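J.: the sequence and its predicted three-dimensional model are supplied below.
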Amino acid sequence: MDLLTRPSFIQAIGHISSGNDSHHTLIYAEINHAPQVASLLQGIGAEERLISAIQHIIYNRIKNLPNASMGKLGWNRFAVILKLPAKESLEIAEDLAQLLDRQTIDIDDVSYYPKLIIGVTPLAPEYKTPERILAAIDEALFQARRTGNSLVKLIEHDDPILHDYYDSLRLLPTITEGLKNRSFVLFAQPIVPIIKQQVMTGQKYEVLLRYKNGQGDIDSESRFLETAELFHISREIDFYVVQEFCRFFAQQHPNTVYSLNISGSTIRYSPFIDILAKEFKQFGVNPEQVCFEITETVADRDFEQAIHFMNLLKNRLGCQLSLDDIGIGSSNLANLSKFNVDFMKIDGSFINNFLVDPYSELVVNFITSAAKLYGRKTIAEYVENAEQLEKLEKLGVDFAQGYFTGKPEPLFDPSLD
């Protein structure tokens with residue numbers, strides 16, 4: 001089977017998109033969980049046979065379509081150009097995903113069940129460059145991957161999500177240079193007790209990250225964290241925050257509990273715990289004064305790894321833990337009970353609406369009841385007014401965080417250290 005090489009394929013889509021023919025569409029397929037599957041195979045040869053078998057299934061499905069061409073753009077990625085409108089191509093892509101769903105591939109007497117995630121985009125002249133086409137199709141794959149196996153995502157040149165993608169692409173050099181030059185500043189927002197009888201040992205704050213530009217102005221609006229997640233540099237952000245927080249702690253010796261956010265990529269990085277222990281020891285950080293926040297979505301997505309990671313933070317290092325953004329993940333009682341956290345943070349989207357929306361109030365009440373059942377404290381995010389605070393007190397929520405109870409203030413500027 002002759003497949004186009006990556007350079008030849010990119011040249012082909014560039015040539016097509018520069019013309020006026022609107023009836024060409026790109027289908028971009030990725031074998032989902034390929035690294036995990038590959039790790040189960042015995043040797044490179046077995047891995048190559050599996051990829052080749054999937055390649056043949058895709059090729060046999062598209063080979064008789066008009067003017068179809070296929071290329072291999074990565075070890076687990078294949079691309080197909082069809083001379084068909086987007087609607088028909090989308091149907092073929094969905095059929096291809098379902099076809100793979102029904103397949104069983106046997107390699108060395110072990111059965112594998114391949115899954116595809118697929119991005120689809122018309123090769124429109126509005127893209128202007130092949131690089132923009134590949135950026136768009138990569139974003140389509142990212143959206144499909146977040147949803148699950150065997151999903152197909154159509155994206156077009158004027159899709160609003162692409163504007164966010166291009167904005168993030170432009171931010172990427174700023175992030176990498178900012179980390180290198182220590183241009184990101186630590187801010188802190190207070191987390192205050194709602195119930196007046198609430199016992200607290202010291203104050204509690206969440207550490208937030210802000211970018212300081214060359215003129216010394218603070219940028220709190222740009223999508224730095226979303227960009228870091230999109231381009232897989234969230235771990236570098238986490239490391240930066242930990243290192244600079246430790247430097248702050250060594251200088252100030254505060255009698256305060258600080259919450260630091262942790263991304264999914266850091267949870268999956270096993271050396272982090274040892275690195276963290278070394279940083280704490282070097283700078284004299286008391287682990288009991290550090291609370292790590294992990295979002296419910298991340299914890300659900302990597303459930304077993306998150307449980308293991310949390311246990312190490314809490315039992316080995318002695319840190320506190322907070323489950324963040326509860327309500328937008330599964331909010332499954334069975335799962336919530338397994339997270340050995342000290343705090344449950346109710347997502348701010350429910351706090352924004354719970355005075356007028358019965359469903360939002362129900363979610364807040366549910367999370368509060370679950371927290372009490374498991375002996376956890378609750379924190380409400382985005383508290384903006386006295387009415388919300390009064391209602392939260394009636395519902396039994398323990399702590400509040402938001403502009404009404406305290407705005408983020410500068411904590412530590414690494415560039416001045």
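T.: Yep, it's here.
J.: how much space separates Tyr166 from Asp158?
T.: Between Tyr166 and Asp158 the computed distance is 12 Å (Cβ to Cβ, to the nearest Å). Using the backbone N, CA and C atoms, a C-beta is placed for each residue, glycine as well.
J.: make that Leu141, sorry
T.: Going from Leu141 to Asp158 by Cβ to Cβ gives 19 Å.
J.: likewise Ser18?
T.: From Ser18 over to Asp158 the distance is 18 Å, taken as Cβ to Cβ.
J.: what about these two, which has more around it?
T.: Ser18 (14 against 9; other Cβ atoms under 10 Å).
J.: quick one: the more buried one and Pro125 touch, right?
T.: Yes: between Ser18 and Pro125 there is a contact under Cβ atoms under 8 Å: 6.5 Å.
J.: quick check: which ranges of the stretch 101-250 of the chain have low pLDDT?
T.: Judged by pLDDT under 70, the stretch 101-250 of the chain has its weakly predicted residues at 147-150, 196-202.
J.: Phe231 - nearest residue in space that isn't next to it in sequence?
T.: Taking Cβ to Cβ, 6 or more residues apart in numbering, and ignoring the residues beside it in sequence, Phe231 has Leu172 as its nearest neighbour in space, at 5.7 Å.
J.: can you list contacts of stretch 53-62?
T.: The contact list for stretch 53-62, computed with Cβ atoms under 8 Å, 6 or more residues apart in numbering, reads 1, 3, 29, 31, 68, 70, 72, 78, 80, 82, 92, 95-96, 99-100, 103, 105, 107, 114.
J.: among the residues you listed, which ones are in strands?
T.: For the contacts of stretch 53-62, membership in strands holds for 29, 31, 70, 72, 78, 80, 82, 105, 107, with DSSP state E as the criterion.
J.: for these, which one is nearest Met344?
T.: Checking these against Met344 with Cβ to Cβ, the nearest one is Ile31 at 36.8 Å.
J.: residues touching the closest one, list them.
T.: The contact partners of Ile31, taken as Cβ under 8 Å, 6+ apart, are 37, 51, 54, 76-77, 114-116.
J.: mind doing that once more with 10 Å?
T.: Residues near Ile31 by Cβ atoms under 10 Å, 6 or more residues apart in numbering: 37-38, 50-51, 54-55, 58, 74-78, 100, 114-117.
J.: who does it bridge with?
T.: When assigned by DSSP bridges, Ile31 has beta-bridge partners Leu116.
J.: confidence score at it?
T.: As summarised for this prediction, Ile31 has a pLDDT of 83.
J.: the lengthiest helix in the chain packs against which elements?
T.: Ranked by residue count under DSSP state H, the longest helix found in the chain is helix 160-181. Helices and strands touching helix 160-181, as assessed by 3 or more Cβ pairs under 10 Å, 6 or more residues apart in numbering; DSSP states H and E, comprise helix 130-147, strand 184-190, strand 203-212, strand 218-219, helix 224-230, helix 234-252.
J.: got the angle between the following helix or strand past the longest one and strand 184-190?
T.: Same thing as helix 234-252. Toward the C-terminal end, the helix or strand that comes next after helix 234-252 (DSSP states H and E) is strand 256-261. Orientation of strand 256-261 against strand 184-190 (axes from the mean of the first three to the mean of the last three Cα atoms, to 10 degrees) gives an angle of 120 degrees.
J.: whichever of the contacts of stretch 53-62 end up buried, select them in PyMOL.
T.: Applying 16 or more other Cβ atoms under 10 Å to these, the buried members can be selected in PyMOL as follows:
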select buried, resi 3+29+31+68+70+72+78+80+82+92+96+100+105+107+114
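J.: can you classify the residue lying closest to Gln243 once chain neighbours are set aside by secondary structure?
T.: If the residues on either side of it in the chain are set aside, Gln243 comes closest to Glu279, at 6.4 Å by Cβ to Cβ, 6+ apart. Under the three-state scheme (DSSP: H, G, I helix; E, B strand; the rest coil), the conformation of Glu279 reads as helix.
J.: just the pLDDT at Glu279, thanks.
T.: The pLDDT attached to Glu279 in the predicted structure is 97.
J.: isn't it right up against Asp238?
T.: No: the pair Glu279 and Asp238 fails to qualify as a contact (Cβ atoms under 10 Å) at a distance of 11.8 Å.
J.: between the two, which is the more surrounded one?
T.: With other Cβ under 10 Å as the criterion, Glu279 and Asp238 differ in neighbour count, and Asp238 comes out ahead with 22 against 17.
J.: got a list of what that one touches?
T.: 228, 260-263, 265-267, 269, 272, 276, 292.
J.: would you mark the buried spots in stretch 294-307?
T.: Within stretch 294-307, the residues that qualify as buried by neighbour count (16+ other Cβ under 10 Å) are 294-299, 302, 305-306.
J.: restricted to helices, list those.
T.: With helices taken from DSSP H, the overlap with the buried residues of stretch 294-307 comprises 296-299, 305-306.
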